[in-house]
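1. Got a predicted structure plus its sequence, pasted below:
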Amino acid sequence: MSQADARNLPGIFAVLLAAVLWGTTGTAATFATGVSPLAIGSIAMGTGGLLQALIALRPVLRQRRRIAGNFRYLLIGAIAVGIYPLAFYTSMHNAGVAVGTVVSIGSAPLLSSLIEYVCDKHPLNRQWSLGALTGVSGMTLLCLAESHATSAGNILQIATGIITGLVAGFTYALYSWSARKMMQYGVSASAAMGSTFGAGALLLLPVLLVTGAPLLDSRVNTAVGIYMALVPMFIGYLCYGYGLARIRASTATTLTLTEPVVAALLAVTLVGERLPLSGWVGIGLILLCLIIISLPVQHLVFFRQRVKSRMDP
C-alpha cells in the first residue's frame with residue numbers, strides 16, 4: 001500500500017463510522033410519536049450544528065478572517081445544511097425509512113460528481129465511476145424493492161418522498177462540496193465544519209421553535225430528540241468532517257452509501273418494514289461498491305491483470 005493510500009484510510013474509516021451512525025436516524029425518528037419530520041430535522045441538525053460550532057469555536061475565531069474570505073462557500077453550505085434535514089426527514093416520513101434514505105443518500109454521489117464537474121472541472125476516474133455505478137444500481141434495486149413492498153400506500157405520498165429525497169441528496173452533496181472547498185482554501189476541517197453547521201443551525205432554529213413543541217410531550221420524544229442531536233448529528237458529523245479533510249467530497253458521499261444499508265436493516269428488524277429478495281441484492285451491490293472505491297488503485301490494477309491473464313489463451 002502506498003503512503004497516499006495509507007493516509008486515506010483514516011478518512012475512509014471515519015466517513016464509514018459517520019454513515020453507520022446516520023443510518024440509525026430514521027428508525028430512531030419512528031419512536032417519536034406526533035412529531036413532524038420538520039421538528040425532527042430541525043432538532044437533529046439544528047442542535048447538532050450548534051454543538052459542532054461550540055466545539056470548533058476556538059478555531060473558528062482564530063480563522064475568522066479566512067472564513068470571511070470564503071464567505072460564498074460558507075453561505076452555500078449553511079443554506080444547504082438548513083434545507084437538508086427538512087427534506088431528508090420529510091422524505092422518510094412520506095416514502096418510508098429505507099426508501100427515503102436510499103433516495104437521499106443514493107443520489108448524492110452522482111450529484112456530488114456533477115457539482116465537482118461543473119464547478120471544479122474535476123474528471124472522474126474509472127475506479128470511482130465503477131464504484132458509483134455499482135452503488136447506484138444497488139440503490140435502485142433497494143428502492144424498487146421497498147416501493148413494491150409498500151405499493152398499497154399512497155402513490156402521491158411516495159412520489160413526494162422521492163422528490164424531497166432528491167432535494168436532500170443535492171443539498172447533502174452541496175454542503176460537502178462547499179466545506180471541502182473551504183478546507184482547500186486554508187480553513188481547517190474543524191473550523192470549516194463548525195462554521196458551516198453553526199450557520200445552518202441558526203437557519204433551523206425558527207423551524208424548531210414553530211414545530212418542536214411535541215418533542216416535550218413525552219420522555220420518549222425528548223430522548224429521541226437528544227439522541228438525534230448528540231449521536232448521529234454531532235458525533236457523526238465530527239467523524240465526517242475528519243474524513244472529508246482527507247478524501248474527495250465525491251468519494252466521501254459514495255462511502256456514505258453505507259447509511260441506507262444500515263437504515264434498511266434497522267427498518268426491517270425494528271420498524272417492521274418488509275424487504276424482498278431484490279432489496280437484499282441491492283444491499284450486496286452497495287457493499288461491493290464500498291469495496292471498489294475503498295480498495296487502493298494498484299490492487300484493482302493487479303486484480304484486472306490477473307483476470308485478463310487467465311482469460312488470454
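-> It's in.
2. can we go C-alpha only for contacts and neighbour counts from here?
-> Will do.
3. And for Leu74, the neighbour number?
-> Here the number of neighbours of Leu74 (other CA atoms under 10 Å) works out to 25.
4. Please apply the same query to Thr269.
-> 12.
5. Give me the distance between it and Tyr73.
-> Distance, Thr269 to Tyr73, using CA to CA, to the nearest Å: 40 Å.
6. before we move on, what about Arg180?
-> Arg180 is 9 Å from Tyr73, by CA to CA.
7. Which one of the two is surrounded by more residues?
-> Relative neighbour count places Arg180 above the other of Arg180 and Tyr73, with 25 against 21, counting by other CA under 10 Å.
8. Surely Leu205 and Gly46 touch.
-> Yes: counting by CA atoms under 8 Å, Leu205 does reach Gly46; the two are 6.3 Å apart.
9. Now do the SS call for the nearest residue to Leu202 once chain neighbours are set aside.
-> Nearest non-adjacent residue to Leu202, counting by CA to CA, 6 or more residues apart in numbering: Gly46, 7.0 Å away. Following DSSP: H, G, I helix; E, B strand; the rest coil, the label given to Gly46 is helix.
10. residue contacts, Gly46?
-> Applying CA atoms under 8 Å, 6 or more residues apart in numbering, we find Gly46 in contact with Gly200, Ala201, Leu202, Leu204, Leu205, Leu208, Ala229.
11. I'd guessed the fourth one sits against Ile40; true?
-> When you say that, I think you mean Leu204. No: using CA under 8 Å, Leu204 is not in contact with Ile40, being 10.9 Å away.
12. Can you mark which positions in the helix or strand harbouring Pro109 are buried?
-> Using DSSP states H and E, Pro109 sits in helix 108-120. Under the neighbour-count criterion of 16 or more other CA atoms under 10 Å, helix 108-120 has Ala108, Pro109, Leu110, Leu111, Ser112, Ser113, Leu114, Ile115, Glu116 buried.
13. got a pLDDT number for the residue nearest to the last one when sequence neighbours are not counted?
-> Spelled out, it's Glu116. Nearest residue to Glu116 in three dimensions, chain neighbours excluded: His122, at 5.7 Å (CA to CA, 6+ apart). According to the prediction, His122 has pLDDT 74.
14. per-residue pLDDT, the nearest residue to Thr134 once chain neighbours are set aside?
-> Nearest residue to Thr134, sequence neighbours excluded (CA to CA, 6+ apart): Cys289, at 5.4 Å. We have a pLDDT of 78 for Cys289.
15. shouldn't Cys289 be in contact with Gly135?
-> Yes: between Cys289 and Gly135 there is a contact under CA under 8 Å: 5.0 Å.
16. so what's Ile162 up against?
-> Ile162 is in contact with Ser91, Ala95, Val99, Gly100, Val103, counting by CA under 8 Å, 6+ apart.
17. Angles on the backbone of the first one, please.
-> So the one you mean is Ser91. Backbone torsions of Ser91, given as degrees, to the nearest 10, read phi -60, psi -50.
18. count of neighbours near the closest residue to it other than its chain neighbours?
-> Distances taken as CA to CA, 6+ apart place Gly161 nearest to Ser91, at 3.9 Å, with adjacent residues excluded. Other residues near Gly161 number 27, with proximity taken as other CA under 10 Å.
19. What strand or helix carries Gly161?
-> In this structure, Gly161 sits in helix 155-184 according to DSSP H and E.
20. one step back: and Cys289 and Gly135? Which one has more around it.
-> Between Cys289 and Gly135, counted using other CA under 10 Å, Gly135 has the larger neighbour count: 30 against 26.
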